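Visitor: just the structure for this:
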Amino acid sequence: MKVSIPLCVLKLNIMPNNQINLNLNHRSYLREPEATELGRRILSESIKLIDELGFEQFTFKKLATEIGTTEASVYRYFENKHKLLVYLVSWYWAWLNYTINYHTHNISDPRERLSRAIEVITTSDLNDPTTSHIDERTLFRIVVAESPKVYHTKDVDAENQEGYFLELKKLCRNVAETVAAINPAYPYPHALISTLLDSAHQQLFFAEHLPSLTEVKGGPQSRDGITAFLKNLAFATIDNR
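Guide: Numbering: from 1, shown residues only. Next up is the predicted model:
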């Protein structure tokens, strides 16, 4: 039986102007978008359009018009808009994993390291000036609203075999290792972290749109409320309180 080997390798390039390029060697694209000016514009403008229109109303024709190119040129990079969304969400997870590592690599205490990681997760709607062609604040809104459409498809198992979701898995594994360092006897570190990642987005959505489903308040204070909730959930669970 031939086993498919997933292909999803992250290359982190630090440019001379201190810009960071996260290059995903990913099966979701036909041509690497980070490698060309047009590819970077496709990423940048698709984030703006998906946020503005919603994924259902977003089309490659509208994107091509927005960036002044042909629809055929967009299709040279991505086979369809679903695979573009897969790439954008994967880019977000890769960037979040890089950011967590950056802010925790000098912290030896695993409890402090997990606390800091949760703070990074709940402030991941802030723009990173080192990635000029990606608006993380807008991409974050897309992840909150649209990322379930990446996984909740009929083709999820086949896409999983192709390595479409490795960046999320790497992020989850990275933070789960910190949970295991805090309490090696805790049996569900990956389940806890995937729940925290999902809750960080879900609670924000509830606070803004369905407030009766959460105690987290909407508006500028929502980030602090979500951080407090996730820390309480994580440490109470790990400590079996």
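
Visitor: could I get the full set of helices for the chain?
Guide: 37-53, 60-67, 71-75, 81-104, 110-122, 136-146, 148-151, 156-161, 166-182, 189-209, 222-238 (DSSP state H).

Visitor: which strands and helices lie in contact with the third one?
Guide: Spelled out, that is helix 71-75. Here helix 71-75 touches helix 60-67, going by 3 or more C-beta pairs under 8 Å, 6 or more residues apart in numbering; DSSP states H and E. For the C-beta atoms, the positions are set from N, CA and C on the backbone; glycine is no exception.

Visitor: what helices or strands is the helix it packs on leaning on?
Guide: Short answer (3+ C-beta pairs under 8 Å, 6+ apart): helix 60-67 packs on helix 37-53, helix 71-75.

Visitor: in JSON lines, list those helices along with distance to residue 103.
Guide: As requested, the helices and strands packed on helix 60-67 are arranged in JSON lines below (distance: least, C-beta to C-beta, whole Å):
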{"stretch": "helix 37-53", "distance to residue 103": "24"}
{"stretch": "helix 71-75", "distance to residue 103": "35"}
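
Visitor: highest average neighbour count across these?
Guide: helix 37-53 (a mean of 18; mean count of other C-beta atoms under 10 Å).

Visitor: distance from the chain centre to it, please.
Guide: Distance of helix 37-53 from the chain centroid (C-alpha atoms, centre = their mean, to the nearest Å) equals 16 Å.

Visitor: and it with helix 81-104, angle?
Guide: What separates the directions of helix 37-53 and helix 81-104 is an angle of 100 degrees, with axes from the mean of the first three to the mean of the last three C-alpha atoms, to 10 degrees.

Visitor: where does pLDDT dip in this structure?
Guide: Low-confidence segments of the chain, defined by pLDDT under 70, span residues 1-23, 125-130, 220-221, 241.

Visitor: try it again with 50
Guide: 1-10, 12-18 (pLDDT under 50).

Visitor: not counting sequence-adjacent ones, nearest residue to residue 84?
Guide: Of all residues not flanking residue 84 in the chain, residue 78 sits nearest, at 4.4 Å (C-beta to C-beta, 6 or more residues apart in numbering).

Visitor: please tell me how far the closest residue to residue 173 other than its chain neighbours sits from residue 96.
Guide: Closest residue to residue 173 apart from its sequence neighbours, by C-beta to C-beta, 6+ apart: residue 190 at 7.0 Å. Relative to residue 96, residue 190 is positioned 16 Å away (C-beta to C-beta, to the nearest Å).

Visitor: what about those two, which has more around it?
Guide: Set side by side, residue 190 and residue 96 show more neighbours around residue 96, with 23 against 15, by other C-beta atoms under 10 Å.

Visitor: apart from its chain neighbours, what residue comes closest to the more buried one?
Guide: That would be residue 124: by C-beta to C-beta, 6+ apart, it lies 5.4 Å from residue 96.

Visitor: and what of residue 120?
Guide: Nearest residue to residue 120, sequence neighbours excluded (C-beta to C-beta, 6+ apart): residue 100, at 4.9 Å.

Visitor: the one you found against residue 115, yeah?
Guide: No - applying C-beta atoms under 8 Å, one finds residue 100 not in contact with residue 115, separated by 11.7 Å.

Visitor: out of the two, which sits in the more crowded spot?
Guide: residue 100 (22 against 18).
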